[in-house]
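Engineer: After the sequence you'll find the predicted model.
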Amino acid sequence: MKLLSDTAVLLQKELRAEFRSHELLTTASIFILIVIVLFSFTFDPTTAESKQFGPGLLWLAFLFSASLMLQPSFLKEKTNDTLSALRLAVGDPFAIFLAKLCANTIFLLVTELILLLVFGVFFNIAVMPVFWKLAFVFFLGSLGVSTTGTALSAVSSQARMREVLLPILLLPLLVPVLIPSAEATRALFEPDHALRWDWLGILIAFDVVFLTALWLFGEYLLEE
Amino acid sequence: MTKTAVYTLLVCVLMGLSAYAAFYVAPTEVTMGLVQRIFYLHAPSGMTSLAAFLVSFVGSVMYLLTRKPRWDWLAVSSAEVGVAFCTVVLLTGPIWAHPAWGVWWAWDARLTSTLVLWLLYVAFLILRTMMEDDDRRAVVSAFFGVFAFLDVPLVYGSIWWWRTQHPQPVVFTSAGLDPTMRKVFYLSWLSLLCLMALLIRQRYELEASREELRMLEQELEAR
Amino acid sequence: MKNLDSVFAAYLIGWGVFFVFSLTVAKRAASLKKELAQLKERLQDSARQGK
């Protein structure tokens, strides 16, 4: 229970810091928007084509922005060495990871849902009828992205060339998130709006595996 | 003769034998013809690279638990050897695909998964070059090694589901593969596993002498 | 004997990769050994001077 209360306090801290400055949310939203606009020049943006390529494009934009957005997650603790203070403050170091990854999931999900509406308008795809199902798929995908991304931001923050290193480490690891998320999203744009549980199963497996691994091994990343 | 020399000779003989068996003993496959003989290098290399990554995973986990540098040496050595075997899979795959399917790369499930695996472990090796402090590098890269290996079944599962165009795996089913073919396949795999052990050992020794060098430097500085 | 050259090429390239890998490791090991020998010499020298 100490873990949960610690996490709640730290999560509040992360959210308050972000909602005061809006730095991450604005830059990430604009970044995804730029990627979507640039991508639409590379194919014929009719509704039929967009339904074919849109979901993959959308998820690629999400992953690229996540690999940039998650960078400061641990880096900002490094600049003032607040990490050691955090470690002293909590009982279980996993609380630090849990708070950060919950915050990152929320940030990712918010930007993704905003951009989903823009995407729907741009490519004339009706997203509103399946909004909640899409939100569910996006949640499972974002949870996987932010679990691995938060952990790897702790990894890359300790190395040289960290700006390039994080995408190099993170993106190949996220192949099992990209494929099921894009496919499940595409299935929701089909006329029958079916939730594809085979794809969602892979996503859930990914989330469970890496949450467990982070819980077991995460604390080693935080030692001095 | 030293032990290493004897073992090296043994591996060379095994490799030569398995190549001889692949070229002359194994029967020619009916539909794909001669080019199918690449299978005896291609498929066992893939399985050997997985074995090497498994060893690397064990090394990473054991390092995190015990903090003995030896486990870190094992992890990096077998990751490098695994990448070498992966490279062989990725190079021989297109050589096989071109005469058989008419294209160099068909985005088939297993070859594509191998490519993702290769990228993952190259990222692991790049990460190691980006850190100076030996202990931090060992901890951090061990953590990434655990993540990378846990990703393997998920990569295979998702890419498999996404696309299956390959001849189905017939190695472990009782029917399907001709008995002589199976024997040749297992001989090739055995020879590659022995080669893997040899290469990991060689790479491990390198890490060991690096440690020796570091100790000597410290001693010199202390004077 | 169609495609025999492909099989040969595959084996040549495959074995080539293993050989080159082993060679680079051996090369790195050799330069390390050299450095080690030099250091040992310097250690002995400084030990002699210390006496």
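Structural biologist: Arrived safely, thanks for sending. The structure presented is a predicted model; accordingly, all values stated were derived computationally and were not measured.
Engineer: So which residues of chain C form strands?
Structural biologist: Applying DSSP state E to chain C gives no strands.
Engineer: interface residues of it facing chain B?
Structural biologist: With the criterion set to C-beta under 8 Å from any C-beta of the partner chain, chain C comes near chain B through C:1-4, C:6-7, C:9-11, C:13-15, C:17-18, C:21-22, C:25-26, C:28-29, C:32-33, C:35-36, C:39-40, C:42-43, C:46, C:50. For glycine as for every other residue, the C-beta is placed from the backbone atoms N, C-alpha and C.
Engineer: Among those residues, which lie within helices?
Structural biologist: Judged by DSSP state H, those include C:4, C:6-7, C:9-11, C:13-15, C:17-18, C:21-22, C:25-26, C:28-29, C:32-33, C:35-36, C:39-40, C:42-43, C:46, C:50 as members of helices.
Engineer: Identify the residues contacting residue 136.
Structural biologist: This is for chain A. Counting by C-beta atoms under 8 Å, 6 or more residues apart in numbering or on different chains, residue A:136 makes contact with residue A:195.
Engineer: Oops, wrong one, chain B.
Structural biologist: Taking C-beta under 8 Å, 6+ apart as the contact definition, residue B:136 lies against residue A:158.
Engineer: what's the spacing between it and residue A:70?
Structural biologist: Note on residue B:136: its distance to residue A:70, by C-beta to C-beta, to the nearest Å, is 20 Å.
Engineer: With residue B:86 instead?
Structural biologist: 27 Å.
Engineer: on that earlier part again, filter the ones in helices among the residues of chain C next to chain B down to the buried ones and hand me the PyMOL line.
Structural biologist: To isolate the buried ones among these in PyMOL, judged by 16 or more other C-beta atoms under 10 Å in any protein chain shown, type:
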select buried, chain C and resi 6+7+10+11+14+17+18+21+22+25+29+32+39
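Engineer: circling back: ok, residue B:86 and residue A:70, which is more surrounded?
Structural biologist: In terms of neighbours (other C-beta atoms under 10 Å in any protein chain shown), residue A:70 is the more surrounded of residue B:86 and residue A:70; the figures are 30 against 26.
Engineer: residue contacts, the more buried one?
Structural biologist: So residue A:70 contacts A:104, A:146, A:149-150, A:152-153, A:166, A:170 (C-beta under 8 Å, 6+ apart).
Engineer: Which stretches in chain B count as helices?
Structural biologist: Using DSSP H, the helices found in chain B span residues B:3-20, B:39-66, B:69-101, B:109-129, B:134-162, B:179-222.
Engineer: The fourth one and chain C, are they touching?
Structural biologist: No - using C-beta under 8 Å from any C-beta, we find that helix B:109-129 stays clear of chain C, coming within 12.3 Å at best.
Engineer: which helices and strands sit right next to that helix?
Structural biologist: helix A:162-173, helix B:39-66, helix B:69-101, helix B:134-162 (3 or more C-beta pairs under 8 Å, 6 or more residues apart in numbering or on different chains; DSSP states H and E).
Engineer: buried residues in that helix?
Structural biologist: Applying 16+ other C-beta under 10 Å to helix B:109-129 flags B:109-124, B:127-128 as buried.
Engineer: was I right about residue A:25 contacting residue A:18?
Structural biologist: Yes - counting by C-beta atoms under 8 Å, residue A:25 touches residue A:18, with 6.9 Å between them.
Engineer: Mutual contacts of these two, please.
Structural biologist: By C-beta under 8 Å, 6+ apart, residue A:25 and residue A:18 have these common neighbours: residue A:107.
Engineer: follow-up on the earlier one: now render the helices of chain B as a markdown table, adding mean pLDDT.
Structural biologist: A markdown table is the format used below for these (pLDDT from 0 to 100):
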| stretch | mean pLDDT |
| --- | --- |
| helix B:3-20 | 90 |
| helix B:39-66 | 94 |
| helix B:69-101 | 92 |
| helix B:109-129 | 92 |
| helix B:134-162 | 91 |
| helix B:179-222 | 90 |
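Engineer: among those, which is nearest residue A:210?
Structural biologist: helix B:134-162 (6.9 Å; C-beta to C-beta).
Engineer: Show me what counts as buried in that closest one.
Structural biologist: B:137-152, B:154-159, B:161-162.
Engineer: Please apply the same query to stretch A:85-103.
Structural biologist: Buried, per 16+ other C-beta under 10 Å, within stretch A:85-103: A:86-87, A:90, A:93-103.
Engineer: and the end-to-end length of that stretch?
Structural biologist: One end of stretch A:85-103 to the other measures 19 Å (C-alpha to C-alpha, to the nearest Å).
Engineer: Is any residue of it near chain B?
Structural biologist: No - Stretch A:85-103 does not reach chain B (C-beta under 8 Å from any C-beta); its nearest approach is 11.9 Å.
Engineer: which parts of chain B sit against chain C?
Structural biologist: Residues of chain B lying close to chain C by C-beta under 8 Å from any C-beta are B:15, B:19, B:22-23, B:33-35, B:37-38, B:41-42, B:45, B:80-81, B:84, B:87-88, B:91-92, B:95-96, B:98-99, B:195, B:199, B:202-203, B:205-206, B:209-210, B:212-213, B:216-217, B:219-220, B:223.
Engineer: Buried among the residues you listed? Make that a PyMOL selection.
Structural biologist: Selection of buried members from the residues of chain B next to chain C for PyMOL, criterion 16+ other C-beta under 10 Å:
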select buried, chain B and resi 15+19+22+23+34+35+37+38+41+42+45+80+81+84+87+88+91+92+95+96+98+99+195+199+202+203+205+206+210+216
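Engineer: Mind listing what's buried along stretch B:49-56?
Structural biologist: B:49-53, B:55-56.
Engineer: from memory residue A:188 sits against residue A:135, does it?
Structural biologist: No - between residue A:188 and residue A:135 there is no contact under C-beta under 8 Å: 10.5 Å.
Engineer: of these two, who's got more company?
Structural biologist: Neighbours were counted for residue A:188 and for residue A:135 using other C-beta under 10 Å; residue A:188 has more, 21 against 13.
Engineer: Secondary structure element holding that one?
Structural biologist: helix A:175-189 (DSSP states H and E).
Engineer: And for that helix, what's in contact with it?
Structural biologist: Under C-beta under 8 Å, 6+ apart, the answer for helix A:175-189 is A:51-52, A:54-56, A:58-60, A:63, A:125, A:130, A:133-134, A:137-138, A:140-141, A:144-145, A:194-196, A:199-200, A:202-203, A:206, B:116, B:151, B:154-155, B:157-159, B:161-162.
Engineer: Sounds good, over and out.
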